[in-house]
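# quick one: sequence and predicted model below, then my questions.
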Amino acid sequence: MITFFLVVHTLIAIALVGVILLQRSEGGGLGIGGGTGGGLMTARGAANLLTRSTTILAALFIGTSIILAVLAAGTNKAKPIDTSLAKTAAPIAPAAAPVLPPAPAGVPIAN
């Protein structure tokens with residue numbers, strides 16, 4: 001169930017980015033959606049369609065975000081801690097004396 005909503009959420013996010021990039025910007029950014037009015041739609045009609053599409057996709061994005069949060073919270077139930085390994089004690093090895101490296105030849109050892 002989570003995987004389905006995650007895929008839908010990702011597709012909505014990609015579509016939302018695409019619709020936002022198509023919108024005509026005031027600052028002269030990408031402005032792909034702007035152009036001559038000789039197409040099927042006027043510039044105002046395209047702006048209204050893109051604005052409405054952005055609103056719908058944003059609402060769907062927020063909705064799927066909330067659904068994913070609720071589903072993720074339901075999967076984090078408290079699970080008992082497995083203590084089966086804690087009952088067996090590890091064997092204790094005797095401590096070995098540290099081995100010192102041999103002194104270099106020709107160097108007197110200070111006592």
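Cool, the structure landed.

# which neighbouring elements make contact with the helix or strand bottoming out on mean pLDDT in the chain?
Taking mean pLDDT, DSSP states H and E as the measure, the helix or strand of the chain with the lowest value is helix 43-75, at a mean of 89. On a contact count with 3 or more C-beta pairs under 8 Å, 6 or more residues apart in numbering; DSSP states H and E, helix 43-75 meets helix 2-22. From N, CA and C alone the C-beta is placed, and that goes for glycine too.

# angle of the helix it packs on against helix 43-75?
Taking axes from the mean of the first three to the mean of the last three C-alpha atoms, to 10 degrees, one finds that helix 2-22 is oriented at 160 degrees with respect to helix 43-75.

# so how far is helix 2-22 from its chain's centroid?
14 Å (C-alpha atoms, centre = their mean, to the nearest Å).

# same for that helix, what does it pack against?
Using 3+ C-beta pairs under 8 Å, 6+ apart, helix 2-22 sits against helix 43-75.

# pull out the buried residues from the helix it packs on.
By 16 or more other C-beta atoms under 10 Å, the buried positions in helix 43-75 come out as 46, 50, 53-54, 57, 60-61, 64.
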